[in-house]
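1. Mind looking at a prediction? Sequence and model below.
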Amino acid sequence: QKEVEQDPGPLSVPEGAIVSLNCTYSNSAFQYFMWYRQYSRKGPELLMYTYSSGNKEDGRFTAQVDKSSKYISLFIRDSQPSDSATYLCALMTTDSWGKFQFGAGTQVVVTP
Amino acid sequence: DTGVSQNPRHKITKRGQNVTFRCDPISEHNRLYWYRQTLGQGPEFLTYFQNEAQLEKSRLLSDRFSAERPKGSFSTLEIQRTEQGDSAMYLCASSLAAVNYGYTFGSGTRLTVV
């Protein structure tokens, strides 16, 4: 079993809808949680970073962390065709700076 | 240029040949990371440097792989005697050691071994 599980999709939504993405993990030592967006043939781009359980909002993006359930989510409101990309969760323990465990990524397609 | 730069963007090589990739991190970043990403998967950690010291290597980094970061600036990743299984995107990222979230990735080098 992988340490980080993420549904690969594709997830297709109409423009303006809310996109809901999630990852589950098994290692309770993960303390840092990030979401990256990756366009085709490009490197990952950091979207959201959270440390504690709870919600964090940044513009149209909301990240949620539930450490008790080992479950993290990313919501994208008012989705746009430019949001079409692969979204990767990345988790890190406190003693492994920069050594992320990535999920496999969820491909999102926002249709006009 | 304030981003992480990787060259070449794409490399096609014959099985058995050696290849070398270069990464130029953000200038003030003292940590540099190499990751490998295969199709449909998330990036996998290979190794990282703090300044010129290579502090950790993944077991994915076989003895055919070697990475250097002379003078703590740019880094090179060399693969000797390439195999078809080495075909992947090789990503470089950099950060400041004191900041635990500011990891910036480059656009990667896509290696195809034929």
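-> On my side now, so go ahead.
2. Doesn't A:S82 lie inside a helix?
-> Yes: under DSSP: H, G, I helix; E, B strand; the rest coil, A:S82 sits within a helix.
3. do you know how far the spatially closest residue to it that is not a sequence neighbour is from chain B?
-> Counting by Cβ to Cβ, 6 or more residues apart in numbering or on different chains, A:S82 lies nearest to A:V110, which is 7.8 Å off, once chain neighbours are set aside. C-betas here are computed from N, CA, C, even on glycine. Distance of A:V110 to chain B, computed by Cβ to the nearest Cβ, to the nearest Å: 20 Å.
4. surely A:V110 meets A:S84?
-> Yes: between A:V110 and A:S84 there is a contact under Cβ atoms under 8 Å: 5.0 Å.
5. Now do the strands in the chain.
-> Reading this off chain A. Counting by DSSP state E, chain A has these strands, from start to end: A:4-6, A:11-14, A:19-25, A:30-38, A:45-50, A:54-58, A:61-66, A:71-76, A:85-93, A:101-102, A:106-111.
6. try chain B instead
-> Using DSSP E, strands in chain B cover B:5-7, B:10-13, B:19-24, B:31-37, B:44-50, B:53-57, B:65-68, B:75-79, B:88-95, B:104-105, B:109-113.
7. if we can go back for a sec, any chance of the strands of chain A in CSV with mean neighbour count and mean pLDDT as columns?
-> Converted to CSV, the strands of chain A look like this (neighbours: other Cβ atoms under 10 Å in any protein chain shown; pLDDT from 0 to 100):
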stretch, mean neighbour count, mean pLDDT
strand A:4-6, 20, 95
strand A:11-14, 13, 96
strand A:19-25, 20, 97
strand A:30-38, 22, 94
strand A:45-50, 18, 91
strand A:54-58, 12, 91
strand A:61-66, 18, 96
strand A:71-76, 20, 97
strand A:85-93, 23, 94
strand A:101-102, 22, 94
strand A:106-111, 18, 97
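8. Dump the ones you listed into CSV; add distance to B:R22 as well.
-> Formatted as CSV, the strands of chain A follow (distance: least, Cβ to Cβ, whole Å):
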stretch, distance to B:R22
strand A:4-6, 30
strand A:11-14, 36
strand A:19-25, 32
strand A:30-38, 21
strand A:45-50, 21
strand A:54-58, 33
strand A:61-66, 33
strand A:71-76, 33
strand A:85-93, 24
strand A:101-102, 23
strand A:106-111, 30
